[in-house]
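Chemist: build me a structure from this.
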Amino acid sequence: MLRVSCAAALFFLAAPALAAPIPPIGPVNICGDVVSQSWQPERFVPGKPGFSGSLGHDRTFPARFRVVLQNYRGIDASTAQRINGYLSMQPAERGEGAPRVVLLLSHGDARFLDGAVSLCVEGFRISGDEGGTWTRHTTLSVTRGPAR
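Modeler: This is a model prediction of the structure:
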């Protein structure tokens with residue numbers, strides 16, 4: 001019996017792992033006041049041989065903004081918590097006091113959100129697996145404030 005158990009354990013440990021997709025979010029429409037934003041250039045990540053899903057393949061993450069919104073509208077607190085769970089590990093971004101939501105928004109122009117005080121994102125979606133989290137949206141509308 002012990003030999004059978006050991007053989008079964010070795011079989012499962014030696015079998016290739018299957019990709020585990022994250023439960024998708026969206027499409028949702030989100031508006032809010034910009035607390036902070038930073039731009040990240042396009043980034044290439046080599047695949048890890050022997051892994052399934054996107055982790056096993058070379059992939060390129062597009063240039064994007066990391067935006068923190070407060071006074072958000074269009075989603076409930078539960079959805080905001082799920083989004084933050086996928087996109088932010090930083091408690092300060094998630095909101096210490098006022099509820100916040102973190103978004104990753106693909107955009108090639110590093111200056112596009114200069115002066116942004118609020119924004120609305122339509123059709124925001126999140127998907128992914130152990131190799132990465134992918135976001136996309138259909139429309140991004142920006143309200144700019146006076147130059148500082």
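
Chemist: ok, and what's touching the strand ranked longest in the chain?
Modeler: Scanning the chain for the longest strand, with DSSP state E as the assignment, gives strand 25-40. Residues outside strand 25-40 that contact it (Cβ atoms under 8 Å, 6 or more residues apart in numbering): 61, 63-75, 79, 82-83, 86, 93, 100-101, 103, 107, 110, 113, 116-126, 138. C-beta here means a position set from N, CA and C on the backbone, and glycine is covered the same way.

Chemist: try 6 Å
Modeler: With Cβ atoms under 6 Å, 6 or more residues apart in numbering as the contact definition, strand 25-40 has outside contacts at 64-75, 82, 110, 113, 116-118, 120-126.

Chemist: list the buried residues for it?
Modeler: Within strand 25-40, the residues that qualify as buried are Ile25, Gly26, Val28, Asn29, Ile30, Cys31, Gly32, Asp33, Val34, Val35, Gln37, Trp39, counting by 16 or more other Cβ atoms under 10 Å.

Chemist: how about stretch 136-148?
Modeler: For stretch 136-148, burial by neighbour count (16+ other Cβ under 10 Å) applies to His137, Leu140.

Chemist: since that was my last question, I'll sign off now.
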